[in-house]
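Engineer: Make a model of this:
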Amino acid sequence: MTTSTVETSAAVTDPVAAGPRKNRGRRGLAAALASHGLLSVASLIALFPIAWLVFLSLGPDKDDYLHPGRIWSKMTFDNYAFVLQHTNFFDWLKSSLIVSLGTTVIGVLIAATTGYAVSRMRFPGYRKFMWVLLVTQMFPIAVLIVPMYQILSELQLIDTYFGLILVYCSTAVPYCAWLLKGYFDTIPFEIDEAGRVDGLSPFGTFARLILPLAKPGLAVAAFYSFITAFGEVAFATTFLLDDQKYTLAVGLQSFVSEHDAQRNLMAATAVLIAIPVSAFFYLVQKNLVTGLTAGGTKG
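Structural biologist: Presented below is the predicted three-dimensional model:
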C-alpha cells in the first residue's frame, strides 16, 4: 500500500518537475543561439573593413576601387612587390619601430613610477597632480604643435627620433599613469609592507614585488603607448623632415599628391603596416582583458 502510493506520487510530480527544466533548457538554447548570432554579426562587421582592404590591395590599377568586381579576374601581388622594392618602406618601418618601442619603454616606465607613487604615497598636492595630468589630455594636437616645435627647436631635437619620442610620451604618459594608478590600487598594500619587513627599499619593493603583479596593467599601458606612436601622423609630419626618417603613417601619405592618389599602393602598404601591430597585440593580448578590467575597478 505504501509502495504504490509513493510510485503514484512520483508519477504525478515528475511531469511537473520536468516542465520547468524543459522550459529552462529551451530558454538557455535560445539565448545561446541569439548570443552566438550577435557575436557572429559583430565579428563580420569588424572583419569586413580588413577583408575589403586586403581585397583592394590585390587590384593592379589605382582606380580599381571604383570597380571592385573587376579585381577578381586580375588579382596580383604586384602592389606588395612595388612597395617593398621601390619605396622606402623598410626605412619607414625602422623609424616606426624605433619611435614606437622607445615611446613604449620610456612612457611605461615613467607612467608606472608615477602611478605607483600616487597610489601608495600621500604628498601635498597629489590629487591636484593627477588632475593636471588629466587636463593635459584636453588640448588638441593643433594647439600643441607650435609650442612643441619651438621647444624641440631650442633643444635641437627637430628631425630626431628622440624628440619625437618625447612628444609622444607627453601624450601617452598622462593616460597610462591614470590607468596604472587604478591598477596599483587593486594590489594589497600588505605586499609593500612585507617588502619593507624583508629589508627592501621603496624602489626595490616596486621593482621586485609590485611590477611582477602588475603585468596585465603594464601590458595595457604598453599597447596603448605603442599604438599611439605607431599610427600618429600630425606630430611625425611636423617634426620629421628627412624622408628617410619618416614613419609608416607619414610614408603612407607619399602615395597621395594634389592631383593623384595611388590607392592600390596605399592599400598594400596599409596591410603591411598592420602586421607589426598585430604581432605586438598577439604578444600582449593575454593580459589586455585582465588589465583593462582590473584597472577600472578603482580610481
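
Engineer: neighbouring contacts of stretch 263-272?
Structural biologist: 53-54, 56-57, 59-65, 79-80, 82-84, 87, 89, 248, 251-252, 255-256 (C-beta atoms under 8 Å, 6 or more residues apart in numbering). Quick note: C-beta positions are derived from backbone N, CA and C, even for glycine.

Engineer: State the mean pLDDT of that stretch.
Structural biologist: The pLDDT scores in stretch 263-272 average 89.

Engineer: For ChimeraX, write a command that selects the buried ones of the contacts of stretch 263-272.
Structural biologist: The ChimeraX command for the buried members of these (criterion: 16 or more other C-beta atoms under 10 Å) is given here:
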select :56,57,59,62,64,65,79,80,82,83,89,248,251,252,255
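
Engineer: Which of the contacts of stretch 263-272 fall within helices?
Structural biologist: Among these, the ones falling in helices (DSSP state H) are 53-54, 56-57, 79-80, 82-84, 89, 248, 251.

Engineer: could you pull out the helices for the stretch 1-150 of the chain?
Structural biologist: Along the stretch 1-150 of the chain, the segments classed as helices by DSSP state H, counting those that start in this stretch run 2-57, 78-86, 89-120, 126-135, 141-154.

Engineer: by contact count, what packs against the third one?
Structural biologist: Pointing back at helix 89-120 there. helix 126-135, helix 161-184, helix 215-231, helix 248-251, helix 263-295 (3 or more C-beta pairs under 8 Å, 6 or more residues apart in numbering; DSSP states H and E).

Engineer: Specify the stretch among those that is closest to residue 120.
Structural biologist: Proximity to residue 120, assessed across the helices and strands packed on helix 89-120 by C-beta to C-beta, is greatest for helix 161-184 (7.0 Å).

Engineer: Which other helices and strands does the very next helix or strand once past that closest one contact?
Structural biologist: Following helix 161-184 in sequence order, the next helix or strand is helix 190-197 (DSSP states H and E). Helix 190-197 is packed against helix 202-205, with contacts defined by 3+ C-beta pairs under 8 Å, 6+ apart.

Engineer: Please repeat the previous calculation with a cut-off of 10 Å.
Structural biologist: If you count contacts as 3 or more C-beta pairs under 10 Å, 6 or more residues apart in numbering; DSSP states H and E, helix 190-197 packs onto helix 89-120, helix 202-205.

Engineer: Most widely separated two among the ones in helices among the contacts of stretch 263-272?
Structural biologist: Spatial extent of these (C-beta to C-beta) is set by the pair 54 and 251 at 19.5 Å.

Engineer: how close does residue 203 sit to residue 182?
Structural biologist: Using C-beta to C-beta, to the nearest Å, residue 203 is found at 21 Å from residue 182.
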